[in-house]
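Undergrad: Below: sequence and its predicted model.
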Amino acid sequence: MLTHANHFESALSRHDTLKYIGSSSFFRSSRARRLLGTGPVDEEGIRAVLRDHGGYPQAICRHDEPGVADADRTETLFSLVLDLDERRMSIAHGPACRGVEYHHIRLGESG
């Protein structure tokens, strides 16, 4: 299983500047791993994690906060799930909690 975060995660020693500015990416990454460990790891289970609002406003499913300085405003723009066994990418526009429709794209065969 591979999850995405907006910071560098590796056993290799690397300098990550986000670590020192208090990025919420660390919280979201840890929460995603914890939630994925509690239920089925199928496409619906992953979509449920993408809809998660735990730790709001720094949640996995992010929403625009108009009262926040423009430079600090964030919102989930897309939700993406890759099924490498099925060679399929499912993508939805907007925060996953809004009941967005996922569009499926077949990934081409290599070679």
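TA: Now that the structure is in, tell me what you want to look at. Since the structure is predicted, the reported quantities are computational estimates derived from the model, not experimental observations.

Undergrad: quick one, helices of this structure?
TA: Assignment of helices within the chain using DSSP state H yields the ranges 25-36, 43-50.

Undergrad: Any idea which of the ones you listed gets closest to residue 59?
TA: Shortest separation from residue 59 across the helices of the chain is recorded for helix 25-36, at 7.2 Å, computed as Cβ to Cβ. Placement of C-beta: from N, CA and C, glycine included.

Undergrad: ok, back up a step: nearest to residue 94, out of the helices of the chain?
TA: Proximity to residue 94, assessed across the helices of the chain by Cβ to Cβ, is greatest for helix 43-50 (11.0 Å).

Undergrad: so how far is the closest one off the chain centroid?
TA: How far helix 43-50 lies from its chain's middle: 10 Å, per Cα atoms, centre = their mean, to the nearest Å.

Undergrad: Now tell me what touches it from outside.
TA: Outside of helix 43-50, the residues within contact range by Cβ atoms under 8 Å, 6 or more residues apart in numbering are 32, 35-36, 39, 60-61, 76, 79, 81, 83, 90, 96, 102.
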